[in-house]
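Visitor: show me the folded form of this:
(one chain, ligands or ions: 1)
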Amino acid sequence: MTADAKQRVAALLDLAEDRLRDGYRTERQARTFSDDGEKRPANVQAPSITGDSLERVSLEVGSCEACILARTRRNTVPGEGAQNPLVLVIGEGPGADEDASGRPFVGKAGQLLDKMLAAVGLSRENNCFIANLVKCRPPGNRDPEPGEVSACAVFLARQITLLKPKIILSVGRVPTQNLLKTTEGIGRLRGRFVDYQGIPLLPTYHPSALLRDETLKRPAWEDLKLLKARLDDNPSAGMAP
Ligand code: SF4
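Guide: Okay, the predicted model is just below:
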């Protein structure tokens, strides 16, 4: 890509970011770009990637075609919620309702998730952000393939960096196994905090599993109580030995 083309793309991204935020233009420092393949003089550093934002992540997700899920999606689902959340909820990927609306956890499982969060004083409006491992719907609600997860991982990583949540609540087998790089079942992983890149992560059941199997509601409630205890500043609540 030429330097001019990069400049135009950056200007468009800045404009879109301003529109999404409040409609007013933000003053930004001038940036310089170079043509791809152009040799940079030895004393000139490559420009650092600064000024990342949740809006920018959402915009990039919106036009991403890095994996095959782009071909069948109706809408991308980057995530939504509070900007400085206490809790970042991470699910597996959008389902049919989310694909149709572009919003995470809006079907029956999402309504149950909202109720579960409300029971411990949390909501996506005030103090939670809700995101998924992959931002586009796997057809037929199949598990995302490893290549799809790794293609999408950069977006979730940037969201975690930007959001700096106090706690991550990983709902279900797929996000938990992928984040923790394990093949253990969710039944064994749930119920205790583990460290994820310096952030306490609590695995629990996906709300859709609770809709299918009533007997999972009690352990899920125990997990929520652990989450609440940790939020109430009991640092040893539920920590793995
Ligand atoms: Fe891009 Fe992620 Fe969607 Fe794949 S799932 S197309 S990597 S945004």
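Visitor: what is the neighbour count of residue 83?
Guide: Using other C-beta atoms under 10 Å, residue 83 is surrounded by 9 other residues. Where you see a C-beta, it was placed from the backbone N, CA and C, and this is true even at glycine.
Visitor: so it is in contact with residue 163, correct?
Guide: Yes. The criterion here is C-beta atoms under 8 Å, and residue 83 meets it with residue 163 at 7.4 Å.
Visitor: which neighbours do these two share?
Guide: 54, 129 (C-beta atoms under 8 Å, 6 or more residues apart in numbering).
Visitor: the one helix or strand residue 203 maps to pairs with which strands?
Guide: Using DSSP states H and E, residue 203 falls within strand 199-204. Here strand 199-204 is paired, per DSSP bridges, with strand 167-171 (parallel), strand 194-196 (antiparallel).
Visitor: next one: that strand to chain centre, how far?
Guide: Computed by C-alpha atoms, centre = their mean, to the nearest Å, the chain-centroid distance of strand 199-204 equals 14 Å.
Visitor: name the residues that touch the helix or strand following it?
Guide: Once the chain leaves strand 199-204, the next helix or strand it forms, by DSSP H and E, is helix 207-212. Identification of contacts with helix 207-212 by C-beta under 8 Å, 6+ apart yields 105, 108-110, 112-113, 116, 171-172, 186, 216-217, 220.
Visitor: for helix 207-212, what is the distance to the chain centroid?
Guide: On the basis of C-alpha atoms, centre = their mean, helix 207-212 sits 21 Å off its chain's mean C-alpha point.
Visitor: what's the weakest-modelled helix or strand in this structure?
Guide: helix 3-21 (a mean of 54; mean pLDDT, DSSP states H and E).
Visitor: next secondary structure after that one?
Guide: helix 54-62.
Visitor: quick one: residue 154 and residue 133, what's the gap?
Guide: From residue 154 across to residue 133, the span is 12 Å (C-beta to C-beta, to the nearest Å).
Visitor: now do residue 183
Guide: Taking C-beta to C-beta, one finds residue 183 at 16 Å from residue 133.
Visitor: just give the closest residue to the residue most central in space within the chain, not the sequence neighbours.
Guide: The residue lying closest to the centre of the chain (C-alpha atoms, centre = their mean) is residue 131, at 3.5 Å. Distances taken as C-beta to C-beta, 6 or more residues apart in numbering place residue 79 nearest to residue 131, at 3.3 Å, with adjacent residues excluded.
Visitor: contacts only, for that neighbour.
Guide: So residue 79 contacts 58, 104, 129, 130, 131, 132, 135, 159 (C-beta under 8 Å, 6+ apart).
Visitor: could you rerun that using 7 Å?
Guide: 104, 129, 130, 131, 132, 159 (C-beta atoms under 7 Å, 6 or more residues apart in numbering).
Visitor: one more: residue 203?
Guide: Neighbours of residue 203 in contact, by C-beta under 7 Å, 6+ apart: 170, 176, 186, 189, 190.
Visitor: who touches stretch 172-180?
Guide: By C-beta under 7 Å, 6+ apart, stretch 172-180 touches 90-92, 133, 143-144, 149, 170, 183, 185-186, 189, 194, 196, 201, 203, 205-206, 209.
Visitor: so which bits of the protein are right by the ligand?
Guide: Contact residues, the chain versus the ligand (C-beta under 6 Å from any ligand atom): 61, 64-67, 69-70, 76, 134-136, 148, 151-152.
Visitor: just for this structure, where's the confidence low?
Guide: 1-50, 234-241 (pLDDT under 70).
Visitor: before we move on, back to that, of all the strands paired with strand 199-204, which gets the most neighbours per residue?
Guide: strand 167-171 (a mean of 26; mean count of other C-beta atoms under 10 Å).
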